[in-house]
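Asker: what's the 3D shape of this:
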Amino acid sequence: MARVYNFSAGPSMLPEPVLKKAAEEMLDYQGTGESVMEMSHRSPEYQAIIEGAEAGLRTLMNIPANYKVLFLQGGASSQFAMVPLNLFGIEPRADFVHTGTWSKKAFGEAKRYGNARIVASSEDKNFSYIPKLDKSMFDQTAAYVHITTNNTIEGTRYREIPDTGNVALVADMSSNILSETFDVKKFGLIYAGAQKNIAPAGVTVVIVREDLIGKALPITPTMLNYKIHADEKSLYNTPPCYCIYIAKLVFDWLLENGGITQMQKGNEQKAAALYEFLDNSKMFKGTVVPEFRSLMNVPFTSPTEETDKEFVKKATAAGLINLKGHRSVGGMRASIYNAMPVDGVKKLVDFMKNFEAGKK
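Answerer: So this is what the prediction gives:
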């Protein structure tokens, strides 16, 4: 069967060259006679893989030396607890900007361990925009301010990173890490689940400034303590070895293809083509205020649920899969992460045009 274009919000497409490289090395990784899946995480061969993955990510994101890079388990959802457990030891207060499903979950978890408050929200308009933020809104004695840089379900993204003053800015960057350029120095901590732009589900990247490590609440479990993982270089226990290996291949692929700057250009091109069609369509409509539209996740609707279902069914048959919208929102959603080629978006737009023409 031919490869399909997978518009899933995650797990998402992986770059085809990465999959081919992994396939070549599946049974024999670089002459070791074994798969990375079978390899001891204490072996020198695996040590080179995890160190190479970190080095690649540091280069791509220009991560300063005073930040630790951790490869952890538990998905971004575990970070909803790990962040307050580790940072509330500094001060048990945090401010949140509420822009959708994932910020709500992060806020709810933080409330279990300290004083969390929402300082701004876009819930009044169904999370179709990012609220305006000002440094004066944030408690300058709080441990951190939390934002979700790209809202996977709602399809919004921050165009500007807020100035939080002296307060550490924490960002859930799960669905747009590596898709556009960010200045890591503006953040105290960045976390991201891998299954959108990094690797298969199973590994979570945490980039944390060193001064925020080592101040965890006394109740923090060993496995949820950043200091433990930082001291052990992400090898305190057996890590998600194969996922980290794939992440390294993805980082290598990005570096070989112009890095994040070049990737952002392609992502802007893909998003522009899709949004241009939606803005001119008489059948399909985007759901997000144009100023805050995501480059990664494009939600849209048709006039009826019946039309939605017909569209998704026919698109699937045409090799355009996983276009059904999230169950909490409905409609459709096209996730166009780094690995989605321009041709995939062109094929989707052409299919939408033909589908609309057939309904006239």
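Asker: My read is that Thr220 contacts Asn86, right?
Answerer: Yes - taking contacts as C-beta atoms under 8 Å, Thr220 lies within contact range of Asn86: 6.6 Å. Any C-beta I mention is one placed from the backbone N, CA and C, and that applies to glycine too.
Asker: Those two: who's more crowded?
Answerer: More crowded of Thr220 and Asn86, by other C-beta atoms under 10 Å: Asn86, with 27 against 21.
Asker: What helix or strand is the more buried one located in?
Answerer: helix 75-87 (DSSP states H and E).
Asker: buried ones in that helix?
Answerer: For helix 75-87, the neighbour count (16 or more other C-beta atoms under 10 Å) marks 75-87 as buried.
Asker: do the same with stretch 177-188
Answerer: Using 16+ other C-beta under 10 Å as the test for burial, stretch 177-188 gives 177-180, 182, 187-188.
Asker: try stretch 339-352
Answerer: 339-341, 344-345, 347-349, 351-352.
Asker: now swap in stretch 271-287 and tell me
Answerer: By neighbour count on 16+ other C-beta under 10 Å, the buried set for stretch 271-287 is 271, 273-275, 277-278, 281, 283-284, 286-287.
Asker: Quick check: mean pLDDT of that stretch?
Answerer: For stretch 271-287, mean pLDDT is 97.
Asker: what distance separates it from the centre of its chain?
Answerer: Centroid displacement of stretch 271-287 relative to its chain, using C-alpha atoms, centre = their mean, to the nearest Å, is 23 Å.
Asker: Ok, stretch 30-46 next?
Answerer: Distance of stretch 30-46 from the chain centroid (C-alpha atoms, centre = their mean) equals 28 Å.
Asker: pLDDT on that stretch, on average?
Answerer: The predicted model assigns stretch 30-46 a mean pLDDT of 97.
Asker: thinking again about what came up before, moving C-terminal from the helix holding Asn86, which element do we reach first?
Answerer: Remark: after helix 75-87, the chain's next helix or strand is strand 93-98, criterion DSSP H and E.
Asker: Can you check which helix is longest in the chain?
Answerer: In the chain, taking DSSP state H as the definition, the longest helix is helix 259-280.
Asker: Now do that helix: everything it contacts.
Answerer: With C-beta atoms under 8 Å, 6 or more residues apart in numbering as the test, helix 259-280 has contacts from 59-61, 178-181, 254, 257, 284-286, 290, 293-296, 298, 300, 334, 336, 338, 340, 342, 345-346, 348-349, 352-353.
Asker: ok, Ala55 to Ile63 distance?
Answerer: Computed as C-beta to C-beta, to the nearest Å, the Ala55 to Ile63 distance reads 10 Å.
Asker: beta partners of Ala116?
Answerer: Beta-bridge partners for Ala116, by DSSP bridges, are Ala94.
Asker: what about it, how many neighbours?
Answerer: As a burial measure, Ala116 scores 21 neighbours (other C-beta under 10 Å).
Asker: How much space separates it from Gly165?
Answerer: Ala116 sits at a distance of 18 Å from Gly165 (criterion: C-beta to C-beta).
Asker: next one: Ser179
Answerer: Separation of Ser179 from Gly165 (C-beta to C-beta): 27 Å.
Asker: And for Asp139?
Answerer: According to C-beta to C-beta, Asp139 stands 10 Å off from Gly165.
Asker: can you map out the strands along the stretch 201-350 of the chain?
Answerer: Taking DSSP state E, counting those that start in this stretch as the test, the strands found in the stretch 201-350 of the chain are 204-209, 285-286, 297-301, 320-321, 332-335.
Asker: Sounds good, over and out.
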